[in-house]
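K.L.:
give me a model of this one.
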Amino acid sequence: MSVRKIALAALVAGIGLAGLVPGASAAQSYSVKTTLDGRTVKDPTVPVGSQRVADKYPAGSQVSLVCQDTGPSYGGSTVWDLTSDGYWIPGAYVETGGVAQPRCVLPKSFPAKADLNGRVHKGDAATAPGAVADKYLAGAPVPVVCQATAGGTIWDYTTDALWVPDQYVANAYVPGIPRCDTDGESPSNTGEHGRNTGPAGPTTGTSAEKIARVIAAAKSMVGKGYDYAWGGGGKGGPSYGIHHYPDNDPSQGDDYNRFGFDCSGLTLYAFWKGAGVDLGYWTGEQYNAGTRVPVSQMKAGDLIFWGDGDDSESTTHVALYLGGNQLLESAPPRDGKSVHIRSLYGQSSWMNHVIRVFP
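P.N.:
Take a look at the predicted model:
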């Protein structure tokens, strides 16, 4: 089952959750404390993509709220606000002045304007495979859970896990009904995010020469003002990170707006630029990118990993050993000095081996 289908199924299953204040009222506008993403589900961990729009509501902007509901705790509160755009945002980061909003009530029912077939996918033809003929007869209630766009038109998702064209139901996006997905939206930050690409460095030379070039490539990123950015950096050098709040706290800012590297993005760049070697995009891949060598035999150019034993799936951090008890890494704090050289540390949390790419 796709992530989108799982999310829609969860949405249907969650109908009827206890809210806050019953009733309905007109949407009211409030100030946003910090830049917030818009979500189609009340889930702090859902990634940016089909269920989450990055930076939908900038800090200090006004957001129009329709209703509230409860959900997973975020920012110290279980309150979630539904905006007039149809996206959920965590209530802890909206300046409502303590004013409670009406409770969100789903599904919302509308009389069918004609006999409608239920479709398996939005945008499907009435007779597409899996369609249910005459599922909603003219005048019968159509219980709508969420709404989405397909082919430039609005579609409604029902409690029966079927889609119907909205032109025969509400004929508009309805305040108080969340979006099913983010189709038709795009992040406000249009810079390059996540792993990027770039030309490979030379593959010639001895192991010692390759190691020297790798270390030089890594050192060239020190002192450039780069931040630690989750998912940032790659074969092409620094980039903006992917969506991530440090410690799951929006008040600490979003790595989506930070420019630099995460730990494995930096090592990926150094080995690609210095020697044309693709280590892989994350620490687990990189732990399997060379020969495992006992820590006691570590030498310059080896990769140090933090994690559990030799389980590559447990890796949490990687750094490049420079020799002389020094390492180079990208690591918090996010202060423009995240790419730095420092003395060895945290040996008790290292993996059992270091990784040697060049024998």
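
K.L.:
can you tell me how far the nearest residue in space to Pro143 that is not next to it in sequence sits from Ser84?
P.N.:
Closest residue in space to Pro143, ignoring its immediate chain neighbours: Pro107 at 3.9 Å, by CB to CB, 6 or more residues apart in numbering. Yep, even glycine has a C-beta here, placed from its N, CA and C like the rest. Applying CB to CB, to the nearest Å, the value for Pro107 to Ser84 is 18 Å.

K.L.:
pLDDT score for Arg195?
P.N.:
Arg195 carries a pLDDT score of 93 in this model.

K.L.:
is the residue nearest to it when sequence neighbours are not counted in a bridge, and if so with what?
P.N.:
Of all residues not flanking Arg195 in the chain, Gly234 sits nearest, at 3.8 Å (CB to CB, 6+ apart). Gly234 forms beta bridges with Gly237, as assigned by DSSP bridges.

K.L.:
and Gly234, how many neighbours?
P.N.:
Using other CB atoms under 10 Å, Gly234 has 23 other residues around it.

K.L.:
doesn't His193 make contact with it?
P.N.:
No - assessed by CB atoms under 8 Å, Gly234 is found out of contact with His193, at 10.4 Å.

K.L.:
check contacts around Gly301.
P.N.:
Lys210, Ile211, Val214, Ile215, Leu320, Tyr321, Arg356, Val357, Phe358 (CB atoms under 8 Å, 6 or more residues apart in numbering).

K.L.:
just the buried residues of stretch 161-177, please?
P.N.:
Residues Leu162, Trp163, Val164, Pro165, Asp166, Tyr168, Val169, Ala170, Val174, Pro175, Gly176, Ile177 are the ones in stretch 161-177 that count as buried (16 or more other CB atoms under 10 Å).

K.L.:
kindly report the same for stretch 138-147.
P.N.:
Under 16+ other CB under 10 Å, the buried positions of stretch 138-147 are Val142, Pro143, Val144, Val145, Cys146, Gln147.

K.L.:
tell me which helix or strand in the protein has the weakest average pLDDT.
P.N.:
Between all helices and strands in the chain, the lowest mean by mean pLDDT, DSSP states H and E belongs to helix 3-13, at a mean of 51.
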